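In: following is a predicted model, sequence given first.
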Amino acid sequence: RDGMLFSAITRGPWQTRMALSLGADPNGADAKTLPLYVAVLLGDPDVVQVLLDAGADPNYDYTAPEGARSVEPPGAPARTVLDIGGLGPEMEALLRRYGAKTSDELAAEAETEDGGGATDGAASASEDEP
């Protein structure tokens, strides 16, 4: 079904909706690349919106899964669709409306949720000692 979705993405939003209605996964769980990534690269905001409406994760780690081809070196940081260079303002705005963030933004959020890192806690503990 995921092969059907990739074919539909190249044909437009109506065909993409049809493939999704037949059970294709908007995140392409069984594919070696991801539907949203392909749609963004093709630059069709209508197809991108169809995928996002169907539940495609705009912050999915687009680093290639094990065994898949990748232009990223092993151990490269996670990538999201907003890390793709050359997105036009319309495409970036669409993705951001659905909560998309760059990998740097996600990393900064994770750091904040972790309390700012170990060095901040160590510095404040030593300041409290006489």
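Out: Perfect, I can see it now. Just so we're clear, the structure is a prediction, and the values are computed from it rather than from any experiment.

In: give me the low-pLDDT residue ranges for this structure?
Out: The chain contains residues with pLDDT under 70 at 1-2, 29-32, 62-78, 115-130.

In: can you rerun that using 80?
Out: Filtered on pLDDT under 80, the chain yields the residue ranges 1-2, 29-33, 61-79, 85, 113-130.

In: what about the helices in this structure?
Out: 2-9, 13-21, 35-42, 45-53, 89-97, 103-113, 118-128 (DSSP state H).

In: report the buried residues of the first one.
Out: By that I understand helix 2-9. With burial defined by 16 or more other CB atoms under 10 Å, the residues of helix 2-9 counted as buried are D2, L5, F6, A8, I9. All C-beta atoms are positioned from the backbone trio N, CA, C, and that covers glycine.

In: what helices and strands are in contact with it?
Out: Counting contacts by 3 or more CB pairs under 8 Å, 6 or more residues apart in numbering; DSSP states H and E, helix 2-9 is packed against helix 13-21, helix 35-42.

In: which of those helices sits closest to V50?
Out: Closest approach to V50 among the helices and strands packed on helix 2-9 (CB to CB): helix 13-21, 4.7 Å.

In: in this structure F6 contacts L34, no?
Out: No - F6 sits out of contact with L34 when judged by CB atoms under 8 Å, with a separation of 9.8 Å.

In: can you list residues touching both of those two?
Out: G28 (CB atoms under 8 Å, 6 or more residues apart in numbering).

In: burial measure for L95, as a count.
Out: 24 (other CB atoms under 10 Å).
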